[in-house]
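Undergrad: Make a model of this:
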Amino acid sequence: MSGGEIERQTMEVDIVCVGFGPAGAGFLTTLAKAVVNPDGTPAIESPSNPGLPLQVVCYERADDIGFGVSGVVTRARGIRATFPDLDPGEIPMAAPVAAEKVAFLLDPHGASRRSAAIRAADGALKLAGQVKDFAYELPYIPPFLHKQGGLILSLGQFLQFVGGRLMATGAAQVWPGMPVAEALIEDGRVAGVRLADQGVDRAGKPESGFLPGMDVRAALTVVADGPVGAVGRQIDAHFGMPAGHHQREWAVGMKMVVDLSEGVDLEPGTVLHTFGYPEPEIFGFLYAHPGRVATVGIFVPSWFHHPARTSYRYLQHYMLHPYLWRYLKGGRLRSWGAKSLQESGKRGEPFLAGDGYARVGENSGSTNVLTGSGVDEGWTTGAQLAEAVIELLRKGEAFTRESLERTYVARRRASWVEEEGRVAEKARDGFHRGVVTGLLGMAIAGFSDGRMAVEGEPQLLPDPKEYYRGRIPAEELERIIGDCHGRGIPCHDALMDRCGWPQVPFDGQLLVSHQDALLMGGKVQAPAGFADHVTFVYPDFCERCAPKLCIEACSGQALTPGPTGVPLFDREKCVHCGACLWNCNTPLDEDPVRNNISFRAGAGGLHSSEN
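TA: Residues are numbered from 1 along each chain as shown. From the prediction side, this is the model:
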C-alpha cells in the first residue's frame, strides 16, 4: 500500500529507530544519558526545532517491549559498560555465569545420521569408559567459548527492565505493536519510515476502518529490526551489499523455559553447551536461572542438509536425552519460543551507514558465530552509534554517509566487535564439508585468531530420495509424502518415525504436542486489521516445489500443505521467526539472491516476556 494516491499523515522527528531488540535498546539507552539532564531538561536540543528536546521515537513490531525475543548467555561486556553498577538481582531470571560445561552427546536410540568418524568417536569414548548418561563432558573449554564474568538473561525480562528505565527519562518514545512497513527512500537518501497500513484484509486491501500507515520523517533512521526485518531487507535490496558479502548462513533456534521439579540440584548461573545430538549438526544449550527455572533449546543450522528438518520434534528428543532429562524430568513448560539467527557474521555485513540511516545489531552482521554470541555485540553496536550521533549533534553536523562513517563506522572498526568478528569470519566454513571438519575448522580459527580456517562452500539441498537412500525405499518415501500432504500436515514426524526415532512420551506438562506448546507456552496473537506478512511471490513456483521445506521447517506450524500445492498460512500460529524465509529454496528468476517467500512487516507473534 505504498501508492501515492493514498493520503497519509506525516510526523516529523529527529531520529526514528526500527526495532527494540538489544541493538535498538543499546542505542536508545546510551543516547538518553546524553540528551537529557538529571533534572529532566534537554541537554541536547532538537536541531530542527531549537529550544525543544530532541525528538526520538522507536517502533517495535511485537505486542509489547521484550515480547518474542530469546534467552541468552552473554559475556555482557557492552551491557556492563552501559550499566557499570548493574545488579543482576534487579532483573527477573538474570544470574551471573557460575559454571560452564561443554558436552558431546551420544545417540541413545541409534536413530540419528552419524558419519563413520562420529560413530568411531562414540565407540572410542565408550571403550575408554568416558561416557556417562550417554554424554562425554569435555575436560577443557576453549577460551573463545567461555562466558566467564557474563550473565544469563531472559532477553524479554532484560528489555522490559531497560525499557522502563529508558521511558522514565523521557528521552525517547517506544511504541510496541507498531510494525514498520518500509523505509522512505528519496534520491538515494533514507528520509524516515512508513508504518504498516491498518484496517485492511489479509491481502492488504482497505476495509471499513482503513487507516493508512503514517509517514514518520526523520533526519536519521536507525535500522535495528533483526535478521528478517522488512526495513533492513528493503535497504539491502535497494542499495545492494558490499562486494563479496552475502547472507547465506543462518540457523533456527527453538527453546523452552521450564519450571524444574523439586529436588533438582542445578546452581543458578550454570551453563551447559552441547553438540552431537539429536543430529550431529545440531547444537544445544541449557541455562539455569534463579528460582529453579531453566532455559533449554537447540540451534538447527543452514548447513544441516535435511530436506524435512524440524526444530520442534528435535527439541523434544534433545530434552529427553539422559544427560539433560536428569534435570528436566518432572518439569513444567512456562513458555516456548523460536527465532532465526543471521549467522553470516562479517560476510553478512551490509553497508553500515548511508545518507540518513545507519545499521546496528544482527541485521548489520554483528553476530559472532565462533563464540555463539550476538546479544552483547548487538547492544555494543547500538551504543557505538549513539556515541557517534551525540558527537554529530553537538557539532551540528548532518547525518550523512561521510559523517556516520567517520564517527559510527570508525568506532565499530576500532572495537572488540570488529576484532572478534574478523576472527570468526570463516570459522564455520568447514561445516559445509562435514561435522567433524566443521568442528576442526572452528578450533583452528579460534586458536589461530582467525589467521587460518578450513574452507567450504554451501551445498545444494539434497533431494528427499537422495537423503533417505538406504533408509526408506523411494516408493515408500513417495507414499509417505503424498499421504501427509493429502492430510494437510508436514512430513517430518512420519519420516522420523520411519527412520527409527521413538515416539515422544507426552506428559501434558513439558512434553506436549506442537499445537499445545503454542497454546501453553507462546500465546500467539495476530491482531486483526493487518495484511498477512507471509506471502508467496509466484504461487506456481510453490506448486512445482517438491521439498516444500518452508512447511517442514515452520517453527509454529503456521504453514501447512494446501490443496493446489501452495502452502496455507495461518497467521494465528506464526511466531515471526523467519524460518520460512531462510528455508525457501526456490530462487526468483529476476533476482536469484531472493526466494519465493515475501516476509513483510506484520504485528503479533509470541506473547511472552520470558522468551
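Undergrad: Return the set of buried residues in the helix or strand of the chain with the lowest mean pLDDT.
TA: Least confident helix or strand, the chain: strand 591-595 with a mean of 78, by mean pLDDT, DSSP states H and E. For strand 591-595, the neighbour count (16 or more other CB atoms under 10 Å) marks 594-595 as buried. Quick note: C-beta positions are derived from backbone N, CA and C, even for glycine.
Undergrad: list the helices and strands that strand packs on?
TA: Packing partners of strand 591-595 (3 or more CB pairs under 8 Å, 6 or more residues apart in numbering; DSSP states H and E): strand 587-588.
Undergrad: For the strand it packs on, the averaged confidence score.
TA: In this model, strand 587-588 has a mean pLDDT of 82.
Undergrad: and it, what does it pack onto?
TA: Packed next to strand 587-588, using 3+ CB pairs under 8 Å, 6+ apart, are strand 591-595.
Undergrad: List the strands paired with the strand it packs on, with their directions.
TA: With DSSP bridges as the test, strand 591-595 is paired with strand 587-588 (antiparallel).
Undergrad: need the contact list for residue 226.
TA: Residues counted as contacts of residue 226 (CB atoms under 8 Å, 6 or more residues apart in numbering) are 19, 21, 232, 342, 361-363.
Undergrad: Tell me the one of those residues nearest residue 468?
TA: Nearest to residue 468 among the contacts of residue 226 is residue 342, at 29.7 Å by CB to CB.
Undergrad: which residue lies farthest from the center of the protein?
TA: Ranked by distance from the centre of the chain (CA atoms, centre = their mean), the top residue is residue 51, with 40.5 Å.
Undergrad: residues in contact with the residue lying closest to it once chain neighbours are set aside?
TA: Ranked by CB to CB, 6 or more residues apart in numbering and with sequence neighbours excluded, the top spatial neighbour of residue 51 is residue 45, at 6.3 Å. Applying CB under 8 Å, 6+ apart to residue 45 gives the contacts 51-54.
Undergrad: same deal with residue 219?
TA: Going by CB under 8 Å, 6+ apart, residue 219 touches 14-15, 47-48, 356, 398-399.
Undergrad: what do you get for residue 353?
TA: Residues near residue 353 by CB under 8 Å, 6+ apart: 359, 401, 404-405, 408-409.
Undergrad: Mind checking which of the residues you listed are in helices?
TA: Under the assignment DSSP state H, those contribute 401, 404 to helices.
Undergrad: biggest separation within the contacts of residue 226, which pair?
TA: Distance extremes for those: the farthest pair is 19 and 342 at 13.4 Å, using CB to CB.
Undergrad: Tell me the buried residues in the longest helix along the chain?
TA: Under DSSP H, the helix in the chain containing the largest number of residues is helix 375-395. For helix 375-395, the neighbour count (16+ other CB under 10 Å) marks 375-393 as buried.
Undergrad: got it, and stretch 282-301?
TA: Buried positions in stretch 282-301, judged by neighbour count with 16+ other CB under 10 Å: 282-289, 292-301.
Undergrad: what does the least confident helix or strand of the chain contact?
TA: Against strand 591-595 from outside (CB under 8 Å, 6+ apart): 237, 246, 581, 584-588.
Undergrad: Could you rerun that using 6 Å?
TA: Strand 591-595 is contacted by residues 584, 586-588 when judged by CB atoms under 6 Å, 6 or more residues apart in numbering.
Undergrad: Let's see if you can find the most crowded of the residues you listed.
TA: Ranked by neighbour count (other CB atoms under 10 Å), the contacts of strand 591-595 have residue 584 at the top, with 25 neighbours.
Undergrad: Contact partners for that residue?
TA: Residue 584 sits next to 550, 595-597 when contact means CB under 6 Å, 6+ apart.
Undergrad: Just give me the least confident of these.
TA: For those, the model is least confident at residue 595; its pLDDT is 89.
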